[in-house]
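Asks: Need a 3D model of the following:
(one chain, ligands or ions: 1)
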Amino acid sequence: MPDSGPDKGMRRGLTKYGDEAFSLFLRKAFIKAMGYSDDALGRPIVGIANTGSGYNPCHRTMPELVEAVGRGVMLAGGLPIDFPTISLHESFAQPTSMLYRNLMSMDTEEMIGAQPMDAVVLIGGCDKTVPAQLLAAASAGVPAIQVVTGPMMTGSHRGERLGACTDCRRFWGLHRAGEIGAEEIDEIGGKLCPTAGTCMVMGTASTMALMTEALGMMLPGGAAIPAVEADRLRHAEASGVRAVALAAESLTPDLVMTPAAFHNALAVLQAIGGSTNALVHFAAIAGRLGIKLDLGAFDRLGRDVPVLVDLKPSGQFYMEDLHKAGGLRPILHQLRPWLDLECLTVTGRTLGEELEAGPEAWPQDVVRTKEDPLCREGGIVVLNGNLAPDGAVLKQSSASPGLMSHTGRAVVFDSLEDLAARIDDPDLDVSAEDVLVLRNAGPKGARGMPEAGYIPIPKKLAQAGVRDMLRLSDARMSGTAFGTVVLHICPEAAVGGPLALVRDGDRISIDVAARSLTLDVPESELEERRPEWAPPPLAATRGYKALHLVHVLQADAGCDLDFLTAKPTGATTPEA
Ligand code: FES
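Replies: Numbers count the residues shown, from 1 in each chain. Next up, the predicted model:
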């Protein structure tokens, strides 16, 4: 009978009965009810985090992925054991899936720690699942590999390719403007998500997948394989094979997720025109290892690193096109001057070694060269000023050039409810030059910082042909959305940030080149307004929601819960 060794396999983390031999005896007695042999139970154990759920179409292929990972584990001589965790889908978690990211991370971390496993393969995909699993991996300290479900294939409507959910928003905007009728929008709704998998534009899921591969936590080539391709299963199998070796090598996530590895992932974020949400998630993941994500350095990195990937919403292509173009590999080749190629990956080799081992890039149109980029600067800028003392972000690669330097009159919405009630009011005093302001939509103000920052263009302006306006909030925005939308204003209004003091008619200025966001109201007047402000009442008094409201950190710290972060090591990322 093989023996995985002391404190390994079934001997790992014994249940406490005060008699270790009895604990092991009892554990084996119970698990024999699963039909395992002594041979199987003597093997290294690889846990597989199974996030299949009837509420999660992005994870529809979970059963076959779990099977493929398990096959790989067995091919390498290990015992695969899958276990369920929370699963989150963007459209099926209210008020926002973000509220539950930390809960999923806690569930995953605790189940990795509580149950015997020598390594774990984490299978996620939809926006919050991969961040939650990486948070868990960072905190649990068990060797881990990330696998994603992979992107959907594109749909088609009357000869036009469709991708969720950039085209969901684009067509909905046309419907609001009266250009598309009820029948056609219903028809489009049936074609936006034609296969299993995650959103196939450069939304948060695609961004997280590519950044995770660049971080070194995924086997090379895994980020962009479509969910329904056979290669996706071969990648899952290979991850299972590798997980067994990872367990033997004790290659823990902290050895992979170093400040330099985060730097690499953040350079990729700038180059892919990725989702602003990834900045929040990576601040939290780094924070779990005591590393601070320096927003100023990230912005400086973006002054150098251009947008190279021509995917929606910044460009025109979709993830299946990026896969055919070589996935992350051609991006990394172009980014060589900005990468630390010495970073260790879960393969046990460095990022540079992996890059050398693969094919050179071939001619294609999806990944541009750094000499001929899609945008000269990176996708995301960090803004500062008296309205955002701790920063705010803007995805400049999908913003309107004409609004990058703009001053306008504030039209303020106090909450999501206020926004819903008044945005389409025909009597709303608003023009295309105004600045739409939404507040109390941050991590505390709206329980989880929903993706409400993509404030709809008021109907009367949309019908008049207005397609973009300067919008700002303490909320997040879907990575699939587009427009001149300033997000993550820190501190948020609900904790007394200056956003709480803005009034209708105030002048607000943005200058993206200067990275400034300014409320043109004298400091003395803001101080006069401050006593009139009072924090909103806590929106929950019990259970996880109350725990979240009391302990959640601001967006610049990743919206993690304060008791989950690691003690700061003094390390920062990225280097710039
Ligand atoms: Fe799951 Fe977009 S809704 S990735």
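Asks: In contact with V366, which residues?
Replies: For V366, the contact set (C-beta atoms under 8 Å, 6 or more residues apart in numbering) comprises V309, D310, L311, F317, D321, L322, K324, A325. No exception for glycine: its C-beta is placed from N, CA and C like everyone else's.
Asks: Just give me the neighbour total for the spatially closest residue to it that is not a sequence neighbour.
Replies: Once flanking residues are discounted, V366 sits nearest to A325: 4.0 Å by C-beta to C-beta, 6 or more residues apart in numbering. Neighbourhood size, A325 [other C-beta atoms under 10 Å]: 21.
Asks: my guess is A325 meets Q364, correct?
Replies: Yes - the criterion here is C-beta atoms under 8 Å, and A325 meets it with Q364 at 4.0 Å.
Asks: shared neighbours of the two, which are they?
Replies: With C-beta under 8 Å, 6+ apart, A325 and Q364 have no common neighbours.
Asks: got the residues of the stretch 1-150 of the chain near the ligand?
Replies: Counting by C-beta under 6 Å from any ligand atom, the residues of the stretch 1-150 of the chain close to the ligand are C58, H89, E90, C126, D127.
Asks: Around the ligand, which positions in the protein sit nearby?
Replies: For the chain, the residues in contact with the ligand (C-beta under 6 Å from any ligand atom) are C58, H89, E90, C126, D127, T198, C199, G203, A205.
Asks: mind listing the helices for the stretch 1-150 of the chain?
Replies: 20-31, 38-41, 62-75, 98-114, 129-140 (DSSP state H, counting those that start in this stretch).
Asks: in the third one, what's buried?
Replies: Within helix 62-75, the residues that qualify as buried by neighbour count (16 or more other C-beta atoms under 10 Å) are M62, L65, V66, E67, A68, V69, G70, R71, G72, V73, M74.
Asks: helices and strands around that helix, which ones?
Replies: strand 45-50, strand 79-84, strand 119-124, helix 230-249 (3 or more C-beta pairs under 8 Å, 6 or more residues apart in numbering; DSSP states H and E).
Asks: Pick the most buried one from the ones you listed.
Replies: strand 119-124 (a mean of 30; mean count of other C-beta atoms under 10 Å).
Asks: got JSON lines for the helices and strands packed on helix 62-75, with distance to H551 too?
Replies: Shown next, in JSON lines, are the helices and strands packed on helix 62-75 (distance: least, C-beta to C-beta, whole Å):
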{"stretch": "strand 45-50", "distance to H551": "24"}
{"stretch": "strand 79-84", "distance to H551": "25"}
{"stretch": "strand 119-124", "distance to H551": "23"}
{"stretch": "helix 230-249", "distance to H551": "32"}
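Asks: Any chance you could list what contacts stretch 328-345?
Replies: With C-beta under 8 Å, 6+ apart as the criterion, stretch 328-345 contacts 210, 213-214, 216-217, 220-221, 223-224, 251, 255-256, 258, 260-261, 263-264, 267-268, 271-272, 301, 304-305, 308-309, 350-352, 354-355, 358-361, 364, 367-370.
Asks: Just the buried ones from those residues?
Replies: Buried members of these, scored by 16+ other C-beta under 10 Å, are 210, 213-214, 216-217, 220-221, 223-224, 251, 256, 258, 260-261, 263-264, 267-268, 271-272, 301, 305, 308-309, 350-352, 354-355, 361, 367-368, 370.
Asks: Specify the local secondary structure of T407.
Replies: With DSSP: H, G, I helix; E, B strand; the rest coil as the basis, T407 sits in strand.
Asks: got it, and the one 5 residues further on?
Replies: Reduced to three states with three-state DSSP, the structure at V412 is strand.
Asks: now the helices of the stretch 1-150 of the chain as JSON lines including distance to K567 and mean pLDDT?
Replies: Shown next, in JSON lines, are these (distance: least, C-beta to C-beta, whole Å; pLDDT from 0 to 100):
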{"stretch": "helix 20-31", "distance to K567": "31", "mean pLDDT": "94"}
{"stretch": "helix 38-41", "distance to K567": "38", "mean pLDDT": "95"}
{"stretch": "helix 62-75", "distance to K567": "33", "mean pLDDT": "98"}
{"stretch": "helix 98-114", "distance to K567": "17", "mean pLDDT": "98"}
{"stretch": "helix 129-140", "distance to K567": "12", "mean pLDDT": "98"}
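Asks: Next, format those helices as a markdown table and append distance to T569.
Replies: Shown next, in a markdown table, are those (distance: least, C-beta to C-beta, whole Å):
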| stretch | distance to T569 |
| --- | --- |
| helix 20-31 | 34 |
| helix 38-41 | 39 |
| helix 62-75 | 32 |
| helix 98-114 | 19 |
| helix 129-140 | 13 |
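Asks: out of those, deepest packed?
Replies: Scoring the helices of the stretch 1-150 of the chain by mean count of other C-beta under 10 Å, the most buried comes out as helix 129-140, with a mean of 28.
Asks: what's the angle between that helix and strand 45-50?
Replies: Note on geometry: by axes from the mean of the first three to the mean of the last three C-alpha atoms, to 10 degrees, helix 129-140 and strand 45-50 are set 150 degrees apart in direction.
Asks: Can I get the stretch of helix or strand D186 belongs to in CSV? Just the C-alpha atoms.
Replies: Assessed by DSSP states H and E, D186 sits inside helix 182-189. Taking Å, rounded to 0.1, in the frame of the first residue of the first chain, the C-alpha atoms of helix 182-189 are listed here in CSV:
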residue,chain,number,x,y,z
ALA,A,182,-39.2,45.1,-27.8
GLU,A,183,-39.3,42.1,-30.2
GLU,A,184,-35.8,42.6,-31.4
ILE,A,185,-34.3,43.1,-28.0
ASP,A,186,-35.9,39.8,-26.9
GLU,A,187,-34.4,38.1,-29.9
ILE,A,188,-31.0,39.5,-29.1
GLY,A,189,-31.4,38.3,-25.4
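Asks: what's it in contact with?
Replies: H157, L162, D167, F171, W172, H175, I180.
Asks: Which other helices and strands does whichever helix or strand comes after it contact?
Replies: Tracing the chain C-terminally past helix 182-189 and defining elements by DSSP H and E, one meets helix 204-215 next. Helix 204-215 is packed against helix 129-140, strand 144-148, helix 259-271, helix 277-287, helix 328-335, with contacts defined by 3+ C-beta pairs under 8 Å, 6+ apart.
Asks: starting at the chain centroid, how far to helix 204-215?
Replies: Here helix 204-215 is found 8 Å from its chain centre; the criterion is C-alpha atoms, centre = their mean, to the nearest Å.
Asks: Run the angle between it and helix 129-140 for me.
Replies: 40 degrees.
Asks: Show the average pLDDT along helix 204-215.
Replies: For helix 204-215, mean pLDDT is 98.
Asks: List the buried residues in that helix.
Replies: T204, A205, S206, T207, M208, A209, L210, M211, T212, E213, A214, L215.
Asks: I'd assumed C199 was in contact with the third one.
Replies: Translated: S206. Yes - using C-beta under 8 Å, S206 makes contact with C199 at a distance of 6.9 Å.
Asks: rewinding a little: make TSV from the helices and strands packed on helix 62-75 and add mean pLDDT to it.
Replies: Shown next, in TSV, are the helices and strands packed on helix 62-75 (pLDDT from 0 to 100):
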stretch	mean pLDDT
strand 45-50	98
strand 79-84	98
strand 119-124	98
helix 230-249	98
